[in-house]
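Peer 1: 3D model of this:
(one chain, ligands or ions: 2)
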Amino acid sequence: YLVPALFPEYITPILPTFISPDAVSTALKSRSSSNSDTYNNKIEQALVLPVVDLSSPSAALQLDEACSTVGFFLLVNHGAEYTVKEAAGTLNSWFKWIYEGSEEANQDRHSVTRGNQNYGPGLQKPGHMEEEGYSTLEGVYAVGGGRQDFVVINPEAEKRKKEGDEYYASDIAQIWYEDAENQWPSSKKGRVVKPALEDHYREMEKVSEKLMALFAEALVMEEAKVLGTDVKKNAGRELYESRFAPLVDKHTSNLVNAYHADPRIARLAPGGDAEYRVSPHSDTGLFTIIGYGDMGCEGLEVQLGDDLSKGWTEVSTSFGMRKDQPLVVNIADSMTRLSGGRFRATPHRVKKSEPNSVGDRLAIIFFFAARYDAFLEPVVKFDGGDKRLAVRAGQITHNYLTATAESKRDFDAWVETKE
Ligand SMILES: O=C(O)CCC(=O)C(=O)O
Ligand SMILES: [Fe+2]
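Peer 2: Numbers count the residues shown, from 1 in each chain. Ligands and ions are numbered 1, 2, ... in the order given. Okay, here's the model as predicted:
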């Protein structure tokens, strides 16, 4: 499976020192040669993710430590335990039923994937995931292996757009909100999907808000350490309120419910023998929160350290035994920028399933992304070594990267009027 790369021409002017088509293809080549090594000489020790416990007084420290090193962590005591379990249970049985292929199931399949195109609201081009990749800061995002995505955008967006809220209704907003109405299953069996996922989406918003506040705490702590000053009382809260809250009050997050059918029935899905289930990439938003089904994060691998040739480390899925519904969180490109490079958008991939593996793999992925008009620049004074130019969040998020050239031109022209 070759990852077809799209290298939008906008990247060169905006990020001159940062990413180029050549750099990406070189990185991909060195990765695919190290892949086979990784597959053959499997790194015995799977990575046990660091834990961030939202109920702990040292949560900010835990967060800083995890995000400045691994870039991935396990989030516990997050408050969304109920909807994680509900969403996973509901989606597992619904997707499985769709794969069984009854006539009624096919109707659902068509209504949610719009002709079986892996198409969801807020993602503007039918079939974009089967045929395209797009370059993120650390690789090319493309999914294969017959992954079925059922995408949910902000359940409030359609209403706000109809009410004429300019943020949703303006011409340039249509990259995110052209298609703001979520398409829900219509079958009797599928009717439970809507309430479960709307609830889960709202819980993920709450968890994200808590995390943003904690990121602010972590950054003021680190800043004080670097500058040799004391952390001022309420400094974290103030940073959150002045800089972070305004970036995300109208976030553009997508909830992507990603399903890989049991390899024994996956021949029903297109592209079932892709090289990767998800190609090596970093995510584009602020951070990503993932709840997994029964198979846990099976196949997920991360690239640790700064040297791209270091190869891949499998993420231990042992947390699947825990009863408290831990969530996997990873830093994404926009947060790397905000944090002046301190928090690491770690490249990751999902390798293809072993021929003899059994079971469906479900990932309920909340891509938390800033408002499209948010200006992303470091919010702390210390020199974290990240010299990337500031950019509007919308210019690096998923929808922009998959939008038409014309929409991108319109958006970029609008951005210029705002600078
Ligand atoms: O399914 C997973 O474990 C991760 C998926 C992923 O990285 C993505 O879709 O961005
Ligand atoms: Fe990802």
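Peer 1: beta partners for the residue in the chain positioned nearest to ligand 1?
Peer 2: Residue nearest to ligand 1 within the chain: residue 363 (3.5 Å; C-beta to the nearest ligand atom). From N, CA and C alone the C-beta is placed, and that goes for glycine too. In this structure, residue 363 bridges to residue 258, residue 292 when assessed by DSSP bridges.
Peer 1: next, count neighbours for it.
Peer 2: Using other C-beta atoms under 10 Å, residue 363 has 27 neighbouring residues.
Peer 1: residue 157 too?
Peer 2: Neighbour count of residue 157, defined by other C-beta under 10 Å: 23.
Peer 1: how about it, nearest residue that isn't a chain neighbour?
Peer 2: The spatially closest residue to residue 157, leaving aside those adjacent along the chain, is residue 180, at 4.3 Å (C-beta to C-beta, 6 or more residues apart in numbering).
Peer 1: which intervals of the stretch 201-350 of the chain have sub-threshold pLDDT?
Peer 2: The model of the stretch 201-350 of the chain has pLDDT under 70 over residues 266-272, 306-310.
Peer 1: follow-up on the earlier one: how about the secondary structure of the residue nearest to residue 157?
Peer 2: coil (DSSP: H, G, I helix; E, B strand; the rest coil).
Peer 1: what pLDDT does it get?
Peer 2: Model confidence at residue 180, given as pLDDT, is 87.
Peer 1: how much space between it and residue 56?
Peer 2: Residue 180 sits 38 Å away from residue 56 when distances are taken as C-beta to C-beta, to the nearest Å.
Peer 1: so those two - more neighbours on which side?
Peer 2: Using other C-beta under 10 Å as the criterion, residue 180 and residue 56 rank with residue 180 on top: 22 against 13.
Peer 1: for that one, give its distance to residue 233.
Peer 2: For residue 180, the distance to residue 233 equals 42 Å [C-beta to C-beta].
Peer 1: quick one, what contacts the residue of the chain closest to ligand 1?
Peer 2: By C-beta atoms under 8 Å, 6 or more residues apart in numbering, the contact list for residue 363 reads 257-258, 290-293, 297.
Peer 1: what does the stretch 151-300 of the chain have sitting close to ligand 1?
Peer 2: Residues of the stretch 151-300 of the chain found near ligand 1 (C-beta under 6 Å from any ligand atom) are 258, 278, 283, 297, 300.
Peer 1: what about the second one, which SS state?
Peer 2: Secondary structure of residue 278, reduced to three states by three-state DSSP: strand.
Peer 1: and the nearest residue to residue 71 once chain neighbours are set aside, how many neighbours?
Peer 2: Computed as C-beta to C-beta, 6+ apart, the closest residue to residue 71 that is not its neighbour in sequence is residue 346, at 3.2 Å. Neighbour count of residue 346, defined by other C-beta under 10 Å: 21.
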